[in-house]
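Colleague: I would like the atomic coordinates for the input below:
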Amino acid sequence: MKTVSLKSALAVAIKAARAAGKVMHANWHKPKRVNSAEAHDIKLELDVQCQALIEKILAAAFPQIPVLGEEGSTGDVTAEYRWVIDPIDGTVNYFFGMPHACVSIALQHRAESVVGVIYDPFTDEIWTTTKGQPTRLNGKIVRVSNRSKLEDCVIAIGFSKSKDNLEKSLPHLIRLARRVKKIRIMGSAALELVYVASGRLDAYIERTINLWDVAAGSLLVENAGGEFYVLPAPGGKLRMCADNGKLRKKMQIGSLLK
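Modeller: Predicted coordinates for the structure are as follows:
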């Protein structure tokens, strides 16, 4: 496949994210059809609709690039280029009427993110970046925080509710809650990542997460001067910590990410 223009890919990703975000916002207070409900998660018909809309816009510009998405994949996702999308990140928040959810779109080249777009339709904030370029929020360059003392920091933690994750995560949650200024559990991995990129959060830790949750946000964090530390987890999942580059070792979370 010939080299993809990152500038063109960014433009179409922004278009797709805004279109899906418009649908999210328009349906926020309307009844929502649930496709499946698990003990700690919800899948909506609107997730599927938003992904289909995103795929249509991306395919119109780049028909040769496959899509790896939360709501299914199209084409050969092991190809040189692929889109990685989460049409509604924070679905449970969204279902319960909490305005903390977003659209996340990344373009990857050989499994490395080279374009990242995350759009919050409730605040009309869009974070954008391409490989080697700064992270921007609504066009303005943003950077991670400069805080280095845990007692000054606000840290987000997320964890799936499996027995193993709870047993591994809760002791760290309790320990860090005593050391940092505040702990937040906010329910949208992509937004937590861009909050780190913008200096609103100082770190974000997640023991078990999917690629589509972090593909865009990881690049946005790194291009804002932060660090995205990731390890493979069973079942194709990931363990991760995003921070401002000053906190991961101080948080002593090595055992959590093993």
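Colleague: flag every buried residue along the helix or strand containing Ala11.
Modeller: Per DSSP states H and E, Ala11 falls inside helix 6-26. By neighbour count with 16 or more other Cβ atoms under 10 Å, helix 6-26 contains the buried residues 6, 9-10, 12-21, 23-24. (C-beta placed from N, C-alpha, C; glycine too.)
Colleague: Leu220 belongs to a helix?
Modeller: Yes: residue state for Leu220 (DSSP: H, G, I helix; E, B strand; the rest coil) corresponds to a helix.
Colleague: quick check: it touching Lys131?
Modeller: No: with contact defined as Cβ atoms under 8 Å, Leu220 does not count as touching Lys131 (11.5 Å).
Colleague: these two: which is more packed in?
Modeller: Leu220 (32 against 15; other Cβ atoms under 10 Å).
Colleague: how about the more buried one, what does it touch?
Modeller: Shown in contact with Leu220 (Cβ atoms under 8 Å, 6 or more residues apart in numbering): Gly116, Ile118, Trp127, Thr129, Thr135, Leu193, Val194, Ala197.
Colleague: helices - which of these land there?
Modeller: Among the contacts of Leu220, the residues falling in helices (DSSP state H) are Leu193, Val194, Ala197.
Colleague: most neighbours among those, please name it.
Modeller: Ala197 (34 neighbours).
Colleague: now that residue, nearest residue through space, not along the chain?
Modeller: In space, and not counting its chain neighbours, Ala197 is closest to Ala224: 3.9 Å by Cβ to Cβ, 6 or more residues apart in numbering.
Colleague: distance of the one you found relative to Met240?
Modeller: 16 Å (Cβ to Cβ, to the nearest Å).
Colleague: swap in Val77?
Modeller: Separation of Val77 from Met240 (Cβ to Cβ): 20 Å.
Colleague: okay, the two: which has more neighbours?
Modeller: Set Val77 next to Met240 and count neighbours by other Cβ under 10 Å: Met240 wins out with 25 against 15.
Colleague: still on that earlier bit, which helices and strands sit right next to the helix holding Ala11?
Modeller: helix 45-61, strand 81-89, strand 102-109, strand 112-120, strand 125-130 (3 or more Cβ pairs under 8 Å, 6 or more residues apart in numbering; DSSP states H and E).
Colleague: OK, contacts around the closest residue to Met98 other than its chain neighbours?
Modeller: Nearest non-adjacent residue to Met98, counting by Cβ to Cβ, 6+ apart: Gly187, 7.6 Å away. Shown in contact with Gly187 (Cβ under 8 Å, 6+ apart): Gly90, Val92, Asn93, Met98, His100, Gly158.
Colleague: confirm Gly187 sits in a strand?
Modeller: No: under three-state DSSP, Gly187 falls outside any strand and is assigned coil.
Colleague: model confidence for Lys237, exactly?
Modeller: Here the pLDDT value assigned to Lys237 is 94.
Colleague: make sure it is actually in contact with Asp213.
Modeller: No: using Cβ under 8 Å, Lys237 is not in contact with Asp213; the gap is 9.8 Å.
Colleague: between those two, tell me which one has more neighbours.
Modeller: Neighbours around Lys237 and Asp213, counted as other Cβ under 10 Å, are more numerous at Asp213. The numbers are 25 against 16.
Colleague: now that one. Nearest residue, chain neighbours left out?
Modeller: Computed as Cβ to Cβ, 6+ apart, the closest residue to Asp213 that is not its neighbour in sequence is Ala189, at 4.0 Å.
Colleague: returning to that earlier point: for Ser169, which of the helices and strands packed on helix 6-26 is the nearest?
Modeller: strand 81-89 (19.7 Å; Cβ to Cβ).
Colleague: C-alpha coordinates for the helix or strand that comes right after the closest one, PDB please?
Modeller: Sequence-wise, the next helix or strand downstream of strand 81-89 (DSSP H and E) is helix 91-95. Provided in PDB are the C-alpha atoms of helix 91-95 (Å, rounded to 0.1, in the frame of the first residue of the first chain):
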ATOM      1  CA  THR A  91     -21.200   3.800  26.900                       C
ATOM      2  CA  VAL A  92     -22.300   3.200  30.500                       C
ATOM      3  CA  ASN A  93     -21.900   6.900  31.400                       C
ATOM      4  CA  TYR A  94     -23.800   7.800  28.200                       C
ATOM      5  CA  PHE A  95     -26.600   5.300  28.900                       C
END
